[in-house]
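J.: with the sequence up front, the predicted model follows.
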Protein chains: 2
Amino acid sequence: MSAGPDVAAAAQLACLLEASAPKPGNVSPGRHFANMRYEDFLASAAAVGPAFAAAGERPVGATVRAAIEAVGHWSRANTNLGIVLLLVPLARAAHRVRAASAGAPGPIDPAALRQAVGAELAGTTVDDAREVYAAIRLAAPGGLGRAAAQDVADEPTATLVDTMRLAAERDGVAREYGTGFRTTFAVGAPALAAARAAGLGWDDAVVETFLTLLAAAPDTHVARRGGAALAAGVSRQAAAVLAAGGVRQAAGRTALAAMDDALRGEGNLANPGTTADLTAAAIFVVLLGGGWHFTHRGSNAQPR
Amino acid sequence: MSAGPDVAAAAQLACLLEASAPKPGNVSPGRHFANMRYEDFLASAAAVGPAFAAAGERPVGATVRAAIEAVGHWSRANTNLGIVLLLVPLARAAHRVRAASAGAPGPIDPAALRQAVGAELAGTTVDDAREVYAAIRLAAPGGLGRAAAQDVADEPTATLVDTMRLAAERDGVAREYGTGFRTTFAVGAPALAAARAAGLGWDDAVVETFLTLLAAAPDTHVARRGGAALAAGVSRQAAAVLAAGGVRQAAGRTALAAMDDALRGEGNLANPGTTADLTAAAIFVVLLGGGWHFTHRGSNAQPR
C-alpha cells in the first residue's frame, strides 16, 4: 500500500468534503435546492472514481469526458462539471510528479504540483478540447451563453488551454487553466492549509476557504446568471463575514447564516457554484500534499 | 457505458448515503462523535473504491482485506469494517448475476441477487476466513471479546461462512453471512424500497429503514458494549418512533430527536453501529436494483 494518498480516492474525497461543508448559497447536507439535492453530489462523487483511477494513463480531455459520462448515469451531469475540469489536470500532474520521483508514493509538494500542472496544461491538444466540448455539451450547464470564438456548440480548432484562455474572463474554471491554477495555489490551498493548521475541522475549514475565495474575486457563475453587480455584492458579503470573524466567532457565524439566507432568497441566481469548484480544487491540492489527518490517533490508528 | 449502476460506484454511494442520513445515535453531517467525525466516513467511502472495482476478480476475503487496508490509510480502519464485510459478497454476487446474463449491465433483481449471494457464501474458503481475520485484526474494533472457537486472534481452520455462523448470535453482520443475508433482503431492502416509493427523500428513507431494522432486532454492537437490556431498550425506542409516525409525521420527528439525544447521552455504549451496517447493505441492494432516481428530470437529465 502507498504511504501517500491514492490520487483517485483523494479526488473523490475532495468532491465529498466540498459538497458536505455548509457553504452559504450552496446545497449541503439537509439543505437541498428544489432541483438538486445533497445526495446528487454524493452520487456524482461516487461516479467519478474509475475515471480518476485511469487519469494517469489517459489525456485530460478523455478523462473529463469519461467522468462526466459516468456522472450522467447517476445525476444531472452538471453537478460536478466544474470540479471535474479542475481536478483532472491536477490528478495527471500528481501522477507526473510521482513518476518523476521514481513512483515514490508519498505526499506531493504543492510547488511541485503547480509546476507539473503547468506542463500538463501546456501539453493539451485540440483533441483534448474536442473531448471537453463533448463533456460540456453532455452536461449542458445553463447560462453559458454563446462565445464569439471557439463556442462549445462548434468543434474546436485550438488546444484545450487556448480555448480556456478565451473564456477566462467570464468563467473562473477556465481562468485556472489560463493561469496555471493561480487562484487554487495562491489563494485556495493556502487558506485551507492555514485553517486546518489553526485547528478548524474540515467542515469549518472548507467554509472559511470558500469565503476567502469568494471575497477575493466575484463568482463567475453568479455573474453569468445574476449580473456583475449581484456577483460583486455576494463577494462583499463574504468579505464582511470574514471581517466579523468568519466561522471562528459567534458574530461571524451570525453573519454567515444571514448571508446564506440572503443568497437562498435570490433563488438560483446567487449560487456561487464556481467558487465551490475552486474550493474543491484547493481541497484536492491539500489532500495530495498529505493534509488529511486522522481525527483520532488512538491505539487503533494506523500510521501513514 | 453501462445502463445499470456500476457496482463499485453503487457500493461507495451506499456507504455515503448511509453515513449522511441523520440516524439516531450515529455520526452524521455536523453531528460528530468525540473520537470520530462525519468526514472520517467520507474518507472511508472514498478509500474503498479500488477494492470494490476489483471485487469481481478476487475472492471475498482478499477484497475485504484490500478495502480495510485502504481505509487504514485514511481513518481508523474500523469506520466501515461491518459495511465492507456486508457489501463485498453482495458485490461479487452482482458481478455473478451480470455474468450469467451475458454481461448485460442493467439493474439487478433482488431475488436473483439473493440467490447469487447464497452461492457466494457457500463457496467461501478457509483462505477467505484467514484474510477476513487479518482485516478484523487490522481494524481492531473494540469490544469483540474472545470467542470459544475460531477466535480472530488465532488462525481459522474453517471456511469464512462457517466461522461467521459461530458468531451469528453475537454479531448482526456475521448473522447475515449465516442466513444468506436474510435481514437485508427480507427487512432492510423492502423497507427502503417502500420508503422511496412513498416519496421520501434518500435521507428520510434511510432513517426510516434504520429504525425498521432496529425495531426488528436488538443491535448487537450495543448489546456487546452496553448489554442486552440496553440493546432491547434501544429497539423499543425505535419501535415507538415508528409507531408515532417516524420521519413522516411531526410527532415521530419529535420522538426521533428525543431518541437521538438519549442515545448520545449514553456515550458510545448506545451507538447502533451494526444496524447502520445493515442499513448500508439494504441501500446497496436497492441501488443495484435500479432504485436510484434523478432528483430532477429536467431538460439536462440523461436517460439511464
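T.: That came through, no problem.
J.: what about the stretch 51-200 of chain A, any weak spots by pLDDT?
T.: The model of the stretch 51-200 of chain A has pLDDT under 70 over residues A:77, A:103, A:141-149.
J.: just the strands in it please.
T.: With DSSP state E, counting those that start in this stretch as the criterion, the stretch 51-200 of chain A has no strands.
J.: before we move on, what about the stretch 201-304 of chain A?
T.: Taking DSSP E, counting those that start in this stretch, the stretch 201-304 of chain A contains no strands at all.
J.: what about it, any weak spots by pLDDT?
T.: Scanning the stretch 201-304 of chain A for pLDDT under 70 picks out the ranges A:294-304.
J.: point me to the residue of the stretch 101-250 of chain A nearest chain B.
T.: residue A:202 (4.5 Å; Cβ to the nearest Cβ). All C-beta spots, glycine's among them, are computed from the backbone N, C-alpha and C.
J.: ok, that residue - how many residues close by?
T.: 27 (other Cβ atoms under 10 Å in any protein chain shown).
J.: which residue packs closest to it, ignoring adjacent ones?
T.: Leaving out its chain neighbours, the residue that sits closest to residue A:202 by Cβ to Cβ, 6 or more residues apart in numbering or on different chains is residue B:39, at 4.5 Å.
J.: ok, that neighbour - contacts?
T.: The contact partners of residue B:39, by Cβ atoms under 8 Å, 6 or more residues apart in numbering or on different chains, come to A:17, A:20, A:201-203, A:295.
J.: indicate the residue of chain A located nearest to chain B.
T.: For chain A, Cβ to the nearest Cβ, closest residue to chain B: residue A:29, 3.5 Å.
J.: circling back to that earlier point, ramachandran angles for the residue nearest to residue A:202?
T.: For residue B:39, the backbone dihedrals (degrees, to the nearest 10) come out as phi -60, psi -30.
J.: touching, the residue of chain A closest to chain B and residue A:21? I think so.
T.: No. Judged on Cβ atoms under 8 Å, residue A:29 makes no contact with residue A:21 at a distance of 9.2 Å.
J.: which one of these two has more residues nearby?
T.: Under the criterion of other Cβ under 10 Å, the comparison of residue A:29 against residue A:21 puts residue A:21 first, with 27 against 24.
J.: if you skip the residues just before and after it, what's nearest to the more buried one?
T.: Of all residues not flanking residue A:21 in the chain, residue A:206 sits nearest, at 3.6 Å (Cβ to Cβ, 6+ apart).
J.: that older thread, which two among the contacts of residue B:39 are spaced furthest apart?
T.: Farthest pair in the contacts of residue B:39 (Cβ to Cβ) is A:20 and A:295. Separation: 14.3 Å.
J.: and those two? Which one has more around it.
T.: residue A:20 (26 against 22).
J.: surely that one touches residue A:27?
T.: No. Residue A:20 lies out of contact with residue A:27 (Cβ under 8 Å); the separation is 10.1 Å.
J.: mutual contacts of those two, please.
T.: With Cβ under 8 Å, 6+ apart as the test, residue A:20 and residue A:27 both reach residue A:38.
J.: correct me if wrong: residue A:195 contacts residue A:201.
T.: No. Between residue A:195 and residue A:201 there is no contact under Cβ under 8 Å: 9.4 Å.
J.: which residue of these two possesses the greater neighbour count?
T.: residue A:195 (23 against 18).
J.: with residue A:263 as the reference, measure out to that one.
T.: Separation of residue A:195 from residue A:263 (Cβ to Cβ, to the nearest Å) stands at 21 Å.
J.: what sits closest to residue A:287 if chain neighbours are left out?
T.: residue A:10 is the one closest to residue A:287 (Cβ to Cβ, 6+ apart), at 4.2 Å.
J.: correction: residue A:22
T.: residue A:28 (4.3 Å).
J.: what count of nearby residues applies to that neighbour?
T.: Neighbours of residue A:28 using other Cβ under 10 Å come to 21.
J.: would you list the phi and psi of it?
T.: Backbone torsions of residue A:28, given as degrees, to the nearest 10, read phi -150, psi 180.
J.: from what I can see it touches residue A:17, true?
T.: No. When contacts are counted by Cβ under 8 Å, residue A:28 is not listed as touching residue A:17 (11.3 Å).
J.: wait, does the longest helix that chain A contains make contact with chain B?
T.: Ordering each helix of chain A by length in residues (DSSP state H) puts helix A:81-100 first. No. Legend: contact between helix A:81-100 and chain B by Cβ under 8 Å from any Cβ of the partner chain is lacking; minimum distance shown is 10.6 Å.
J.: give the buried residues for that helix.
T.: Buried positions in helix A:81-100, judged by neighbour count with 16 or more other Cβ atoms under 10 Å in any protein chain shown: A:81-98.
J.: before we move on, the earlier item: contacts only, for the residue nearest to residue A:287.
T.: A:284, A:287-288, A:292, B:46.
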